[in-house]
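# Kindly return the folded structure for what I paste below:
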Amino acid sequence: MTISFEEARPEDLPQLVELLHILFTQEHELSPDAARQERALRLILGNPAIGRIHVARDAERVLGMVNILRTTSTAEGGPAGHLEDFVVRPEARRSGLGARLLAYAIERARSDGLLRLILLTDGDNAAAQRLYERAGFTRSGMLPMRLTLR
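Now for the predicted structure:
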């Protein structure tokens, strides 16, 4: 298996939707909706100012993805990112691929000039929390809250 790390391409869209289905099936507060996920992914893929989707691939098969959305932080005084989605196919987990993909995405965010990354993770997902901490993320005392506007 030869793994490469790169930005997602438009032709990856069906596999990215599939990966989000895997992720949103695992998340407590989210539900998969292929049409919504495809619509959002198209927006991101079509406009790097919105964000970037980084993938790990073996030939044409996308094994994992990290989606980093861009914003401007008044606290940092410049560009920041929100790590919106991070998922690796179940059969590719526990191989170090996720850690390598996350490191790649963090380095790309740094080279894109982002000053900070934030993320949300399920409170009971200890494995993901350990992975994020090993990558340099620290726990925050801030409490995430959600308001759905649709």
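
# which secondary structure elements does the helix or strand hosting Phe5 contact?
Using DSSP states H and E, Phe5 maps to strand 3-7. With contacts defined as 3 or more C-beta pairs under 8 Å, 6 or more residues apart in numbering; DSSP states H and E, the packing partners of strand 3-7 are strand 51-58, helix 97-111. Quick note: C-beta positions are derived from backbone N, CA and C, even for glycine.

# packing partners for the shortest one?
Pointing back at strand 51-58 there. Strand 51-58 packs on strand 3-7, helix 34-46, strand 61-73, strand 78-88, helix 97-111, going by 3+ C-beta pairs under 8 Å, 6+ apart.

# hang on, the earlier thing: which of the helices and strands packed on strand 3-7 sits closest to Arg146?
strand 51-58 (19.5 Å; C-beta to C-beta).

# Need the residues that contact that closest one.
1-8, 12, 16, 41, 44-45, 62-70, 81, 84, 88, 92, 97, 100-101, 104-105, 108-109, 112 (C-beta atoms under 8 Å, 6 or more residues apart in numbering).

# just the helices and strands packed on strand 3-7: most buried one?
strand 51-58 (a mean of 21; mean count of other C-beta atoms under 10 Å).

# which neighbours does that one have in its sheet, and in what orientation?
strand 3-7 (antiparallel), strand 61-73 (antiparallel) (DSSP bridges).

# List the buried residues for the first one?
If you call a residue buried by 16 or more other C-beta atoms under 10 Å, then strand 3-7 has these buried ones: Ile3, Phe5.

# Just after that strand, pick out the following helix or strand.
Defined by DSSP H and E, the subsequent element after strand 3-7 is helix 13-26.

# Now do that next one against strand 61-73, angle only.
70 degrees (axes from the mean of the first three to the mean of the last three C-alpha atoms, to 10 degrees).

# other SSEs contacting helix 13-26?
Going by 3+ C-beta pairs under 8 Å, 6+ apart, helix 13-26 lies up against helix 34-46, strand 61-73, strand 78-88.

# If we use 10 Å, what do you get?
Counting contacts by 3 or more C-beta pairs under 10 Å, 6 or more residues apart in numbering; DSSP states H and E, helix 13-26 packs against helix 34-46, strand 51-58, strand 61-73, strand 78-88.
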